[in-house]
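# Generate a structure from the sequence data that follows.
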Amino acid sequence: MIRRRAALTGLAAALALPLAPPLLAPLAAHQQKRAISTIARNPRSGRLEIMHQVPVHDAEHALRAQGAKTPDIIGSAESREAFARYVARRFVLMVGDAAIVPDYVGSEISGGSLWVYQEAAAPAPGAVLRISSQILTDVWPRQENRVNIGSGTQVTTLIFTSGDAPQDALLPD
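Predicted coordinates:
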């Protein structure tokens, strides 16, 4: 009886194996720790716009790591603003030796992502931006941050991981 049960369990496991990847995909997808930031000049206002996209769950986890008891990114503007302050500390933008300190514009939830919006006076076209994106790298050492500079067909992408040095990119016209 025990052998028969073991054989049936083994058979069931073998039959279920092809189904495992689709069933586990949502779990594995969440393990892709990634934030995406975009820096672009707004042609209408002439200002530099900075947008950060972070999974809501990751933002809440970061706030817990910072000591927040019960962060609620979806239901609490206070939690969203606390995360925006965290982003401002972990995302550094410079032109030459001068830091660009963007203003916080707001945030919103779209799908499973928190978007944090900032803007600043834009440097001259062709300026070299020095960027450091360490968002969430203090929470997850394998975090990867992508920073897209520009828009349309003129986009440069920088990739940052924990402890990476700042990188330079040309701000397109």
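# Which residues are in contact with Asp72?
60, 79 (CB atoms under 8 Å, 6 or more residues apart in numbering). Where you see a C-beta, it was placed from the backbone N, CA and C, and this is true even at glycine.
# mind checking pLDDT for it?
According to the prediction, Asp72 has pLDDT 89.
# Could you do Arg3 as well?
For Arg3, the pLDDT comes out at 49.
# how about Asp58, phi and psi?
The phi/psi pair for Asp58 (degrees, to the nearest 10) reads phi -70, psi -40.
# Quick check: it touching Lys33?
Yes - checked against CB atoms under 8 Å, the pair Asp58 and Lys33 is within contact range at 6.8 Å.
# between those two, what contacts are shared?
Residues touching both Asp58 and Lys33 by CB under 8 Å, 6+ apart: Leu136.
# of these two, who's got more company?
Just comparing Asp58 and Lys33: by other CB atoms under 10 Å the higher neighbour count belongs to Asp58, 23 against 19.
# ok, the more buried one - contacts?
By CB under 8 Å, 6+ apart, Asp58 lies in contact with 33, 35, 136, 139.
# buried stuff in stretch 86-105?
86-88, 90-91, 93-95, 100, 102 (16 or more other CB atoms under 10 Å).
# Identify the residue nearest the geometric centre of this structure.
The chain has Ala35 as the residue nearest its centroid, 1.5 Å off, counting by CA atoms, centre = their mean.
# Can you find the helix or strand in the chain with the smallest mean pLDDT?
helix 20-30 (a mean of 44; mean pLDDT, DSSP states H and E).
# Any figure for the gap between Arg146 and Leu63?
Remark: distance between Arg146 and Leu63 (CB to CB, to the nearest Å) = 22 Å.
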